[in-house]
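Colleague: Here is my input, please return the structure:
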Amino acid sequence: MNLSKRLEVVATLVDVGARVIDVGCDHAYLDIYLTKNNSNKCIATDINPNALENAKKNIKKHKLQNKIETILTDGLTSLDIKDDDNIVIAGMGTHTILDILKTNNLSNTLIISSNNDIELLRREVVKLGYYIDSEIFLFDKDKPYIIIKFIRGYKKYKDIDYVIGPILKNNTDYKKYLILKYNKILNSISKRKVLLRLKYKFKISILKIKL
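Modeller: Below you'll find the model as predicted:
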């Protein structure tokens with residue numbers, strides 16, 4: 001079974017043998033892969049009944065219906081979460097992810113790939129009592145993705161660590177990507193919005209210094 005590049009990376013960050021709670025499982029490809037290859041017990045959840053039905057069909061196709069549990073639920077609602085579970089959330093926006101995280105009990109390990117607002121994601125998850133254990137940047141079908149593994153605990157971060165990432169700040173390709181991204185944003189901002197333009201000019205200057 002072939003996973004997307006992004007899900008392949010997610011799978012490498014999952015703890016071998018841990019129970020995985022896959023929030024917004026879609027077709028349950030990750031759960032099927034982990035069950036077959038990584039000795040993980042998986043719980044595949046989704047708020048969308050059609051998506052969960054597709055997941056069930058795929059799970060049945062691989063004859064794993066007795067090994068992968070499927071639950072129709074909003075985020076982590078009503079789930080009995082253990083400390084050593086791995087919670088995986090991939091493919092949602094940061095605000096939706098934070099709504100899920102802030103209103104539920106959590107495990108010690110979170111693996112998250114957000115579609116936007118990565119800086120905000122870092123800041124808010126750290127506030128919840130986690131540090132950044134791993135960060136991976138990649139392109140999958142020409143789309144940029146960042147996958148972050150958070151572990152419960154404490155590390156002190158500088159502001160630049162939230163903007164670029166405490167690990168990705170050493171990744172030249174990622175910094176070049178951010179410079180291009182911020183320049184595009186800067187060019188789209190009206191010259192009347194002086195403070196907002198200064199904010200992005202500052203980010204670009206910092207990134208160029210770090211290159």
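Colleague: so what are the domain limits for the protein?
Modeller: What automatic domain parsing lists as the domains of the chain is 5-158, 171-211.
Colleague: Can you give me the first-to-last residue distance of the last one?
Modeller: As for domain 171-211, its first-to-last residue distance stands at 9 Å under the measure Cα to Cα, to the nearest Å.
Colleague: swap in the first one?
Modeller: Separation of the first and last residues of domain 5-158 by Cα to Cα is 30 Å.
Colleague: re the thing from before, could you export the domains of the chain as CSV, including mean pLDDT, mean neighbour count and distance to Gly165?
Modeller: All C-beta atoms are positioned from the backbone trio N, CA, C, and that covers glycine. Below are the domains of the chain laid out as CSV (pLDDT from 0 to 100; neighbours: other Cβ atoms under 10 Å; distance: least, Cβ to Cβ, whole Å):
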stretch, mean pLDDT, mean neighbour count, distance to Gly165
domain 5-158, 94, 18, 5
domain 171-211, 90, 13, 7
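Colleague: wait, which of the ones you listed is closest to Ile164?
Modeller: Taking Cβ to Cβ, domain 171-211 is the member of the domains of the chain nearest to Ile164, at 6.8 Å.
Colleague: And the strands in the protein?
Modeller: Using DSSP state E, the strands of the chain run over 19-23, 41-46, 68-72, 86-92, 109-114, 130-140, 143-152.
Colleague: what residues does the longest one touch?
Modeller: Identification of contacts with strand 130-140 by Cβ atoms under 8 Å, 6 or more residues apart in numbering yields 4-6, 9, 13, 110, 122, 126, 144-155, 157, 161, 165-168, 171, 173-174, 177.
Colleague: okay, the angle between it and strand 143-152?
Modeller: 160 degrees (axes from the mean of the first three to the mean of the last three Cα atoms, to 10 degrees).
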